[in-house]
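take this sequence and fold it.
(2 chains)
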Protein chains: 2
Amino acid sequence: MIRVLLAEDQHVIRSGLVALLGLEDGLEVVADVGRGDDAVSAALVHRPDVAVLDIDMPGADGLTAAAALREKLPACRTLMLTGHGAPGQLRRALDAGVGGFLLKTAPPDELVAAIRTVHAGGRVLDPSLAVTAWDLAADPLTPREKDVLRLLADGAEPAEIARSLHLSAGTVRNHLTAVVTKLNARGRPDAVRIARESGWID
Amino acid sequence: MIRVLLAEDQHVIRSGLVALLGLEDGLEVVADVGRGDDAVSAALVHRPDVAVLDIDMPGADGLTAAAALREKLPACRTLMLTGHGAPGQLRRALDAGVGGFLLKTAPPDELVAAIRTVHAGGRVLDPSLAVTAWDLAADPLTPREKDVLRLLADGAEPAEIARSLHLSAGTVRNHLTAVVTKLNARGRPDAVRIARESGWID
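The predicted structure is shown next:
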């Protein structure tokens, strides 16, 4: 029996999913909640095998909940279920070690199959997100270049970036030049935009 | 009119594709060849807008041809058409800057749509490769760690790796320890296997 936790703030959708999953042999919904923070606390009580998490939820978003679950309940696999699949969300999902990422437009039998796959340790990604994932994989930036770009995106001046990363001003300049070149950007703001839209920085 | 070059070594398949593409408005097959090296030389003569390249071909494989075309004829977009989609192939395709990657199982109208998308500067990835692409995007290794792991995979001893990368023996050891930990591997050979199967090193 696969024990499932369901976190979805839209009550009608949640009830529908609970009913749907209840019809499946070998699946049992052990808890259903409407907030991300409740998902984490309910999981610690009910110890589900798989947590199905909506991304847009009050309390904590589903990706924050997934990251918390990974830390506090490593045996629990996570499956994100969301209305859209923005590149940045997919990147955060990867970083949170989620097992699957499905759109709400997926047919019900795909959701059930995804729960089983994720439970078995496999990975699932909505086929319509193939190109988005490929774009993510095309990420040309080094971790250090991303650190620099993230601080720039937050509004830091190069001198502040140098201080906070313990780098020389020249090194920061070199990283920024490399980033602009790699992304074929028109300048630093354009580099930030490209990296964000591609999901390479948050 | 979109000028298409087609490179496919299986003659029957090639003839079928030429006939199929010839039926489409706005597409014209300007050359069709059966070898990767011929694809490059024919492209330099016929200047296609899009080169549709099989991967397994004599002469040079399709990915090598795609990399050569990117350098010699940057205006020509490339679309890989292959029987399988191994992670390593997808990684090489990304590195070669290809515009699309379709399996031969794709329906004909998807191939035609992919040619148009790639021609317009868009990216196409076979939906069945969504999870493969996501695995690629999950790559946890730094470029330096990959350099070290690649040399190890080629059979180099740590001391040789240190010499050829101008690193100290201790640094190489640290990189290898980090790689084994990140990949949750049972040891160095296991780390090589995991990284290869995931497409993170060639």
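
span of stretch A:115-128 from start to end?
18 Å (C-alpha to C-alpha, to the nearest Å).

need phi/psi at A:Thr132.
phi -60, psi -40 (degrees, to the nearest 10).

now do it against B:Ile115, distance only.
Distance, A:Thr132 to B:Ile115, by C-beta to C-beta, to the nearest Å: 21 Å. In short, each C-beta sits where N, CA and C put it, glycine included.

how about the residues of chain A near chain B?
A:90-91, A:94, A:101, A:123-131, A:133-139, A:142-143 (C-beta under 8 Å from any C-beta of the partner chain).

give the buried subset of these as a ChimeraX selection command.
The ChimeraX command for the buried members of the residues of chain A next to chain B (criterion: 16 or more other C-beta atoms under 10 Å in any protein chain shown) is given here:
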select /A:90,91,94,101,123,124,125,126,127,129,130,131,133,134,135,136,137,138,139,142
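
what about the residues of chain A next to chain B, which are in helices?
Counting by DSSP state H, the residues of chain A next to chain B place A:90-91, A:94, A:130-131, A:133-137, A:143 in helices.

could you say which helix or strand holds A:Ala31?
strand A:27-33 (DSSP states H and E).

for the closest residue to A:Val112 other than its chain neighbours, the count of nearby residues, please.
Nearest residue to A:Val112, sequence neighbours excluded (C-beta to C-beta, 6 or more residues apart in numbering or on different chains): A:Glu24, at 5.4 Å. Look at A:Glu24: counted by other C-beta atoms under 10 Å in any protein chain shown, it has 17 neighbours.

just to revisit the earlier point, how about residues contacting the strand holding A:Ala31?
Strand A:27-33 has contacts (C-beta atoms under 8 Å, 6 or more residues apart in numbering or on different chains) with A:1-8, A:14, A:17-18, A:21-22, A:39, A:42-43, A:45-46, A:48, A:112, A:115.

for it, give the mean pLDDT please.
Averaging pLDDT along strand A:27-33 gives 97.

neighbouring strands for that strand, and are they parallel or not?
strand A:2-7 (parallel) (DSSP bridges).

can you give me the strands in chain A?
A:2-7, A:27-33, A:50-54, A:77-82, A:100-103, A:124-125 (DSSP state E).

which of those strands is buried the deepest?
Most buried of the strands of chain A, by mean neighbour count (mean count of other C-beta atoms under 10 Å in any protein chain shown): strand A:50-54, with a mean of 27.

partners of it, with directions?
strand A:2-7 (parallel), strand A:77-82 (parallel).

for A:Pro108, see how far away the residue nearest to A:Val112 is.
From A:Glu24 across to A:Pro108, the span is 9 Å (C-beta to C-beta).

now swap in A:Gly122 and tell me
For A:Gly122 relative to A:Pro108 (C-beta to C-beta), the value is 19 Å.

what about the strand holding A:Ala31, distance to the chain center?
Put simply, strand A:27-33 sits 22 Å off its chain's centre (C-alpha atoms, centre = their mean, to the nearest Å).

also stretch A:179-197?
Worked out by C-alpha atoms, centre = their mean, stretch A:179-197 lies 22 Å from the chain centre.

cool, stretch A:89-101 as well?
4 Å.

skipping adjacent residues, who's closest to A:Ala106 in space?
Excluding its sequence neighbours, the residue lying closest to A:Ala106 (C-beta to C-beta, 6+ apart) is A:Asp126, at 6.1 Å.

the domain parsing of chain A - what is it?
Structural domains annotated on chain A: A:2-136, A:143-197, as defined by automatic domain parsing.

shouldn't A:Val52 be in contact with A:Ile2?
No. Using C-beta atoms under 8 Å, A:Val52 makes no contact with A:Ile2, being 11.0 Å away.

nice, that's everything, thank you.
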